[in-house]
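**Student:** build me a model:
(one chain, ligands or ions: 1)
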Amino acid sequence: MVLFLLFPILLYLFHVILRDLRRIRKTSGHGPPNYPIIGCLISFYEHRNRLLDWYTELLTESATNTIVVHRFGAPRTIVTANPENVEYMLKTNFNNFPKGKPFTEILGDFLGCGIFNVDGELWHSQRKLASHEFSAKSLREFVMNALEEELEHQLLPLLESLACANEVVDLQELLRRLAFNIVCKISLGIDRFCLDPSLPIPPLARAFDMASEVCARRGAAPLFIIWKIKRWLGVGSERRLKDAVREVHAYVTVIIQNRKKKINQGEVRSEDDLLSRFISAGYEDEVIRDMVISFIMAGRDTTSAAMTWLFWLLSCHPDTEQELLKEIEYVREDVLGFESLKELVLLKACLCESMRLYPPVAWDSKHAIVNDLLPDGTPINAGDRLTYFPYGMGRMEALWGKDQFEFKPDRWFIEPDKERGALKKVCPYKFPIFQAGPRVCLGKEMAFIQMEYVVASILRRFEIRPVSSDRPVFVPRLTAHMAGGLKVLVRKRGPR
Ligand code: HEM
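**Tutor:** As a prediction, the model looks like this:
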């Protein structure tokens, strides 16, 4: 039995060594020091707890803001913070840079053939349908209604009771639950789960957490073959993934079947939520299931991470918080409307500035189909991994100036000195927080509506004060988050 297991591992290692030797002989470009067979494993190990900042330093030192990383057991990886390269991979030569099998294999058991995890025609047809549905005016109204209901009936009363009890709460967890509720309401049309972080996480959210955690671990594993063997044997984390995926699939399938009945009986309109729209478009149940799971996955942790970092940054910049408050209070409505949100330009600038420094998706990779050449002269071999790196890009002096590490929302205005006014149009390849090009995040507009609505509604009623003065740690997983959450005290704002 042992020999039977060892043989494929040895064969795989032999294949990797031969492949790496061949690759290192080819052009390397800038990057960490490389050695035959092990590549940059030693420096990688030394910097394992600060990979993002290490890559950022290497990228800053590189004349073209691009580095080449050879790692034992991984494809040759080109990491770039160069907007021209980013535009090339995400738009100009989009067809040569799909997500690729190494990516889709990791998430395949969980996301199946959902939009987030497919390339080519399968992606294209879903994108077409979803873009149409996502940009629909009725969906925007639906999002505003979902937000109003979730905040007025859940979040704000909960914050009120936390303020009265002077109780510490993990704001990140609270916002994660809120984002999960909102994305479930919009995608599945299901009623909300409880927000209170002192109560257990609802089973569907727990299954989602488990599945995404194991998939993230697959992605970070030094050798893929290990998780593949565990999956084949059905043990450990792979067993837990299988159970979690079964739970998510069962849950969503029941919802699809019930919704179909309601649509047939005329109890639900086809435009009420994404699920009803997909059903009405005539897709098969499995395809619909995978589509909505992709949406929930894409929309759940991103907005909560962005808002958590913004609340922390505002607590470090009380002057900006006061100015923001003035802007929000200028809107007289009790419940914020879609048109009023558009007037909150400082809030939008603060969100962009917060995501520049702490992007919810810190890095994202594609895999080259054929040999290619990036605009900065870096050669690409078929099979290479090409990573654009929003975290590093937000910290490049070449892109943002000498104050690149500072939180300065004014940098987003055309004329910050003249009562601010309009926001700049920043090139999406310099700020690819939502990706850019044909595969740009479908939920971008919805994400801004949601974040602006939630942050403004909280700020105008409550002060949020972190209990610790330590600098939080940014952890990149599938979606980045704050290590250990953000423990805060909530205070009701007095009249001004
Ligand atoms: C601050 C919030 C958000 C950020 C920073 C963000 C960022 C991103 C990024 C970087 C991608 C590309 C990922 C990849 O291709 O590997 C993406 C894709 C996507 N996002 Fe978002 N996202 C956010 C919120 C949302 C929301 C709220 C939704 C909707 C519920 C959503 C739906 C999607 C979908 C469906 C895709 C796949 C698009 C495609 O492959 O064609 N996102 N997002």
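
**Student:** was I right to think residue 278 contacts residue 286?
**Tutor:** No - using CB atoms under 8 Å, residue 278 makes no contact with residue 286, being 11.7 Å away. C-beta here means a position set from N, CA and C on the backbone, and glycine is covered the same way.

**Student:** who's more crowded, those two?
**Tutor:** residue 278 (24 against 13; other CB atoms under 10 Å).

**Student:** can you say which helix or strand has that one in it?
**Tutor:** Here residue 278, judged by DSSP states H and E, is contained in helix 274-280.

**Student:** tell me the helix or strand right after that helix.
**Tutor:** helix 285-316.

**Student:** please identify the buried residues of that following helix?
**Tutor:** Residues 287-315 are the ones in helix 285-316 that count as buried (16 or more other CB atoms under 10 Å).

**Student:** which residues are in contact with residue 91?
**Tutor:** Counting by CB atoms under 8 Å, 6 or more residues apart in numbering, residue 91 touches 429, 436, 437, 438.

**Student:** mind doing that once more with 6 Å?
**Tutor:** Contact analysis of residue 91 by CB atoms under 6 Å, 6 or more residues apart in numbering lists residue 437.

**Student:** would you mind measuring from it to residue 97?
**Tutor:** Separation of residue 91 from residue 97 (CB to CB, to the nearest Å): 10 Å.

**Student:** ditto for residue 450
**Tutor:** Taken as CB to CB, the span from residue 450 to residue 97 is 29 Å.

**Student:** for the protein, which residues are neighbours of the ligand?
**Tutor:** Within the chain, the positions near the ligand by CB under 6 Å from any ligand atom are 115-116, 127, 183, 294-295, 298-299, 302-303, 306, 360-361, 364, 433-435, 439, 441-443, 446-447.

**Student:** what does the residue nearest to residue 390 when sequence neighbours are not counted show for phi and psi?
**Tutor:** Spatial nearest neighbour of residue 390, chain neighbours left out: residue 359 (4.0 Å); criterion: CB to CB, 6 or more residues apart in numbering. The phi and psi values for residue 359, taken as degrees, to the nearest 10, are phi -70, psi 130.

**Student:** what is the burial count for whichever residue of the chain sits closest to the ligand?
**Tutor:** Residue of the chain nearest the ligand, by CB to the nearest ligand atom: residue 443 (2.1 Å). Neighbour count of residue 443, defined by other CB under 10 Å: 20.

**Student:** I'd say it and residue 297 touch.
**Tutor:** No - the pair residue 443 / residue 297 is not scored as a contact, 11.1 Å apart, by CB atoms under 6 Å.

**Student:** still on that earlier bit, what sits against the residue nearest to residue 390?
**Tutor:** Here residue 359 is in contact with 390, 391, 433 (criterion: CB under 6 Å, 6+ apart).

**Student:** pretty sure the first one sits against residue 433.
**Tutor:** Yes - judged on CB under 6 Å, residue 390 makes contact with residue 433 at a distance of 5.4 Å.

**Student:** low-scoring stretches of the stretch 1-150 of the chain, by residue?
**Tutor:** 1-29, 35-39, 73, 133, 136, 138-139 (pLDDT under 70).

**Student:** to clarify, my last question referred to the stretch 251-400 of the chain.
**Tutor:** 271-272.

**Student:** hang on, residue 488 is in a helix, isn't it?
**Tutor:** No - counting by DSSP: H, G, I helix; E, B strand; the rest coil, residue 488 is not found in a helix; it is strand.

**Student:** residue 111 reaches residue 294, doesn't it?
**Tutor:** Yes - at 5.5 Å, residue 111 counts as touching residue 294 under the criterion of CB under 6 Å.

**Student:** how would you label residue 269: helix, strand or coil?
**Tutor:** Assignment for residue 269 (three-state DSSP): coil.

**Student:** got it, and residue 360?
**Tutor:** Applying three-state DSSP: residue 360 is coil.

**Student:** contact partners for it?
**Tutor:** Residue 360 touches 302, 305, 306, 479, 480, counting by CB under 6 Å, 6+ apart.

**Student:** look up how far residue 86 lies from it.
**Tutor:** For residue 360, the distance to residue 86 - CB to CB - is 17 Å.

**Student:** just to revisit the earlier point, residue contacts, the residue of the chain closest to the ligand?
**Tutor:** Residue 443 neighbours (CB under 6 Å, 6+ apart): residue 299.

**Student:** phi and psi next, for it.
**Tutor:** Residue torsions, per degrees, to the nearest 10, at residue 443 are phi -100, psi 10.

**Student:** run a quick neighbour tally on residue 203.
**Tutor:** Using other CB under 10 Å: residue 203 sits among 12 other residues.

**Student:** excluding sequence neighbours, find me the nearest residue to it.
**Tutor:** residue 247 (6.9 Å).

**Student:** and residue 151, by the same measure?
**Tutor:** The nearest residue in space to residue 151 (CB to CB, 6+ apart) is residue 457, at 5.3 Å.

**Student:** same thing with residue 396?
**Tutor:** Spatial nearest neighbour of residue 396, chain neighbours left out: residue 81 (5.5 Å); criterion: CB to CB, 6+ apart.

**Student:** same question, residue 177
**Tutor:** residue 195 (4.9 Å).

**Student:** find me the pLDDT at the one you found, would you?
**Tutor:** On pLDDT, residue 195 comes in at 82.

**Student:** give the helix, strand or coil label for it.
**Tutor:** coil.

**Student:** residue 325 versus that one, what's the distance?
**Tutor:** Shown here: residue 195 relative to residue 325, a distance of 24 Å by CB to CB.

**Student:** cool, residue 31 as well?
**Tutor:** Distance from residue 31 to residue 325, by CB to CB: 46 Å.

**Student:** between these two, who's got more neighbours?
**Tutor:** Ranked by neighbour count (other CB under 10 Å), residue 31 and residue 325 place residue 31 first, with 23 against 18.

**Student:** so how far is residue 56 from the more buried one?
**Tutor:** In terms of CB to CB, residue 31 sits 13 Å off from residue 56.

**Student:** which stretches in the stretch 1-150 of the chain count as helices?
**Tutor:** 2-25, 41-46, 51-61, 83-87, 101-111, 120-135, 137-150 (DSSP state H, counting those that start in this stretch).

**Student:** I'd like the distance from the fourth one to the chain centre, please.
**Tutor:** Between the mean C-alpha location of helix 83-87 and the chain-wide mean there is a distance of 20 Å, by CA atoms, centre = their mean, to the nearest Å.

**Student:** also the fifth one?
**Tutor:** If you compare the mean C-alpha spot of helix 101-111 with that of the full chain, they lie 16 Å apart, counting by CA atoms, centre = their mean.

**Student:** neighbours of residue 267, how many?
**Tutor:** Neighbours of residue 267 using other CB under 10 Å come to 10.

**Student:** nope, residue 74 is what I meant
**Tutor:** Residue 74 is flanked by 18 other residues according to other CB under 10 Å.
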